[in-house]
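Q: output the structure for:
(3 chains)
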Amino acid sequence: MAGDVAGDAASLQRQLAELRETVAGLGARLRTFEDQVAISQLVARYGPAVDSGSATAAAELWAEDGVFEVPPYAVWTGHDEIAGMVDGAGHQGLIMNGCAHVLTAPLVKVDGDEARAWNYALNIRWDAERDRFWIARASANSWWLRREPAGWRVAHRVNRGLDGSPEPRALFEASTQPFRAGSQPA
Amino acid sequence: MAGDVAGDAASLQRQLAELRETVAGLGARLRTFEDQVAISQLVARYGPAVDSGSATAAAELWAEDGVFEVPPYAVWTGHDEIAGMVDGAGHQGLIMNGCAHVLTAPLVKVDGDEARAWNYALNIRWDAERDRFWIARASANSWWLRREPAGWRVAHRVNRGLDGSPEPRALFEASTQPFRAGSQPA
Amino acid sequence: MAGDVAGDAASLQRQLAELRETVAGLGARLRTFEDQVAISQLVARYGPAVDSGSATAAAELWAEDGVFEVPPYAVWTGHDEIAGMVDGAGHQGLIMNGCAHVLTAPLVKVDGDEARAWNYALNIRWDAERDRFWIARASANSWWLRREPAGWRVAHRVNRGLDGSPEPRALFEASTQPFRAGSQPA
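A: Residues are numbered from 1 along each chain as shown, chains lettered A, B, ... in the order given. Down below sits the predicted model:
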């Protein structure tokens, strides 16, 4: 009888090991989706932050050494410069006039603690005289992201107007390729 | 031998308890993402409902006592008023002319059975004469949501044109702050 | 004593069975969200693919026998025809001029190995002379999707301009109804 019980114990141990493996698999799958959602939410925070003039909140979407590149106009590096862009006369003029930085839900590819994402950004402005809005800029956006202790942050974002030039097409072309950690912004 | 088996049983019980805790943790993490996705999907249902003139479907995105506020134009309270807006001459004129209520993927913050979300809405209209569309309205949207027995519903939505006035900026500024259940629309 | 141990074994077996059921439930819930995210990501790949002129990548979003219908202009069936549209003079003219195929995050309904989704597509074009973008087309999109061995693919996509005609409204009206596998594009 004790032998049967020992057999039971061994069987239970095997079943437990199997279930533990199943649970680990679920955990890994869940983590993939947590990363997807976390990165999509990070991107979704940009527009409301800059259109409310929340300079610090906008800057903190980036890693401390993060880069925001808007060729050929500007490159901002680090929290202070990115916050300075939001507080600057150019951006303040836009939001006092009325504008919407509309970003679309990104395509996201994660590899371990790095990720890349692609989406569109529309810079839409109010024209009080004509009583309508107009689109000043429609751009290809490419994001490099990094998992930090506090969560995902933007390592580098490039925003390029879709004006027919080859550079924004090259940014978007990369979205059709597999992403591997260690890829660098060109 | 029976002693060893009893030891096995105790060890199995401990392992089972540990695994049960791991599984409970996964369940809680999964629920967070179910809420995120459910709320994003609720928001995604608005545009197709109103642009097809589906008055009941649009109204039922809201809680029975839900509010839809579009300052300074209108406030609709409850299913009947919201459905009435969709069936009304103003909205029917828009969809017979051709229009698109384009809402972006929201930033979502959940706290228990309440949530808040922020996104953009574009009111885009067809101009047959000029053979193109134009943007009548680009607005800041702030949503208060409630988990009901049948799922998430809109308790209150405010839609404010981004025309340079401070109110839409204040709506969006709140997106940079933590959300706690019990917060009320201002 | 062995009797107690046998009782322990039976109890452990029951607890294990219960936990296994809990885990299976989590797995099913997770799969629902994997499908949602996978389909949203599939849709998010379209814009960057066509705006970079990546004909093969765009075509491979569809099933081998997939259909892309843009009434009243065109119907493309299968990978070769869809890739041919991207490589064709019309589309190449658009991207050399500068354009953005902006798709919104879809509403998604899954039933087993089939799904349907709805979203908006904006065809936005650069006007170098006026130094701004304009919206050539805002359309209702309805997608039928199929789970294939390699993942979700588009079985059929219909894109209809929201020009006031009843057909795009009918496409969007279907988004307010339950979705059942086996539904066919009208």
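Q: only C-alpha atoms from now on, for both contacts and neighbour counts.
A: Noted.
Q: isn't A:Ser142 up against A:Asn159?
A: Yes. Assessed by CA atoms under 8 Å, A:Ser142 is found in contact with A:Asn159 at 6.8 Å.
Q: which one's more surrounded, the two?
A: Of the pair A:Ser142 and A:Asn159, A:Ser142 is the one with more neighbours under other CA atoms under 10 Å in any protein chain shown, namely 25 against 22.
Q: which residue sits closest to the more buried one, ignoring its sequence neighbours?
A: Computed as CA to CA, 6 or more residues apart in numbering or on different chains, the closest residue to A:Ser142 that is not its neighbour in sequence is A:Trp118, at 4.7 Å.
Q: which helix or which strand is home to that neighbour?
A: Using DSSP states H and E, A:Trp118 sits within strand A:114-127.
Q: show me what counts as buried in that strand.
A: A:114-126 (16 or more other CA atoms under 10 Å in any protein chain shown).
Q: can you list those in a markdown table and add pLDDT?
A: Converted to a markdown table, the buried residues of strand A:114-127 look like this (pLDDT from 0 to 100):
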| residue | pLDDT |
| --- | --- |
| A:Glu114 | 98 |
| A:Ala115 | 98 |
| A:Arg116 | 98 |
| A:Ala117 | 98 |
| A:Trp118 | 98 |
| A:Asn119 | 98 |
| A:Tyr120 | 98 |
| A:Ala121 | 98 |
| A:Leu122 | 98 |
| A:Asn123 | 98 |
| A:Ile124 | 98 |
| A:Arg125 | 98 |
| A:Trp126 | 98 |
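Q: with distance to C:Met96 added, can I get the residues you listed in TSV?
A: Below are the buried residues of strand A:114-127 laid out as TSV (distance: CA to CA, whole Å):
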residue	distance to C:Met96
A:Glu114	32
A:Ala115	29
A:Arg116	25
A:Ala117	23
A:Trp118	20
A:Asn119	19
A:Tyr120	17
A:Ala121	19
A:Leu122	19
A:Asn123	21
A:Ile124	22
A:Arg125	25
A:Trp126	28
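Q: tell me the pLDDT at A:Ala6?
A: We have a pLDDT of 74 for A:Ala6.
Q: part of a helix, is it?
A: Yes. The assignment for A:Ala6 is a helix, going by DSSP: H, G, I helix; E, B strand; the rest coil.
Q: count of neighbours near it?
A: 22.
Q: again with the one 5 residues further on
A: For A:Ser11, the tally of surrounding residues (other CA under 10 Å) stands at 14.
Q: so which residue of chain A comes closest to chain B?
A: For chain A and chain B, the shortest gap (CA to the nearest CA) falls at A:Gly98, measuring 3.7 Å.
Q: that residue: neighbour count?
A: The burial count for A:Gly98: 25, using other CA under 10 Å.
Q: next up, the contacts around it.
A: A:Arg125, A:Trp126, B:Leu162, B:Asp163, B:Gly164, B:Ser165 (CA atoms under 8 Å, 6 or more residues apart in numbering or on different chains).
Q: so who does the last one touch?
A: For B:Ser165, the contacting residues are A:Met96, A:Gly98, by CA under 8 Å, 6+ apart.
Q: go again using 10 Å as the cut-off
A: Neighbouring residues of B:Ser165 by CA atoms under 10 Å, 6 or more residues apart in numbering or on different chains: A:Ile95, A:Met96, A:Asn97, A:Gly98.
Q: report pLDDT for A:Pro144.
A: Careful, residue A:144 is Trp; it's not Pro. 98.
Q: how about chain A: which residue is closest to chain C?
A: Closest point on chain A to chain C, by CA to the nearest CA, is A:Gly164, at 3.7 Å.
Q: okay, that residue: pLDDT?
A: At A:Gly164, pLDDT is 98.
Q: could you check how far the closest residue to it other than its chain neighbours is from C:Pro106?
A: Nearest residue to A:Gly164, sequence neighbours excluded (CA to CA, 6+ apart): C:Gly98, at 3.7 Å. If you measure C:Gly98 against C:Pro106 using CA to CA, to the nearest Å, the figure is 25 Å.
Q: just A:Leu61 next, same as before
A: Taken as CA to CA, the span from A:Leu61 to C:Pro106 is 25 Å.
Q: make CSV from the contacts of B:Ser165 and add secondary structure and pLDDT to it.
A: What follows is the contacts of B:Ser165, written out as CSV (DSSP: H, G, I helix; E, B strand; the rest coil; pLDDT from 0 to 100):
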residue, secondary structure, pLDDT
A:Ile95, helix, 98
A:Met96, helix, 98
A:Asn97, helix, 98
A:Gly98, coil, 98
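Q: can you say which of those residues are buried?
A: Counted by 16+ other CA under 10 Å, the contacts of B:Ser165 give A:Ile95, A:Met96, A:Asn97, A:Gly98 as buried.
Q: quick one: the first one and A:Val50 touch, right?
A: Yes. At 8.5 Å, A:Ile95 counts as touching A:Val50 under the criterion of CA atoms under 10 Å.
Q: intersection of neighbour lists for those two?
A: A:Val86, A:His101, B:Arg169.
Q: so which residues of chain A form strands?
A: A:62-70, A:74-77, A:99-103, A:107-111, A:114-127, A:132-148, A:151-161 (DSSP state E).
Q: okay, the ones you listed in TSV with distance to A:Arg31 next?
A: Formatted as TSV, the strands of chain A follow (distance: least, CA to CA, whole Å):
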stretch	distance to A:Arg31
strand A:62-70	21
strand A:74-77	30
strand A:99-103	25
strand A:107-111	11
strand A:114-127	13
strand A:132-148	12
strand A:151-161	13
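Q: please identify the most buried of these.
A: For the strands of chain A, the largest average neighbour count (mean count of other CA atoms under 10 Å in any protein chain shown) is found in strand A:99-103, namely a mean of 25.
Q: what strands line up against it, and which way round?
A: Strand A:99-103 sits in its sheet next to strand A:114-127 (antiparallel), going by DSSP bridges.
Q: now the partner strand - C-alpha only, PDB.
A: What follows is strand A:114-127, C-alpha atoms only, in PDB (Å, rounded to 0.1, in the frame of the first residue of the first chain):
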ATOM      1  CA  GLU A 114      14.800  46.100 -26.800                       C
ATOM      2  CA  ALA A 115      12.000  46.800 -29.200                       C
ATOM      3  CA  ARG A 116      11.300  48.800 -32.400                       C
ATOM      4  CA  ALA A 117       8.000  50.300 -33.400                       C
ATOM      5  CA  TRP A 118       6.600  52.200 -36.400                       C
ATOM      6  CA  ASN A 119       3.600  54.500 -36.700                       C
ATOM      7  CA  TYR A 120       2.300  57.700 -38.300                       C
ATOM      8  CA  ALA A 121       2.200  61.100 -36.700                       C
ATOM      9  CA  LEU A 122      -0.100  63.900 -38.000                       C
ATOM     10  CA  ASN A 123       0.500  67.500 -37.000                       C
ATOM     11  CA  ILE A 124      -2.900  69.000 -37.300                       C
ATOM     12  CA  ARG A 125      -3.500  72.800 -36.700                       C
ATOM     13  CA  TRP A 126      -6.500  75.000 -36.100                       C
ATOM     14  CA  ASP A 127      -7.300  77.700 -38.600                       C
END
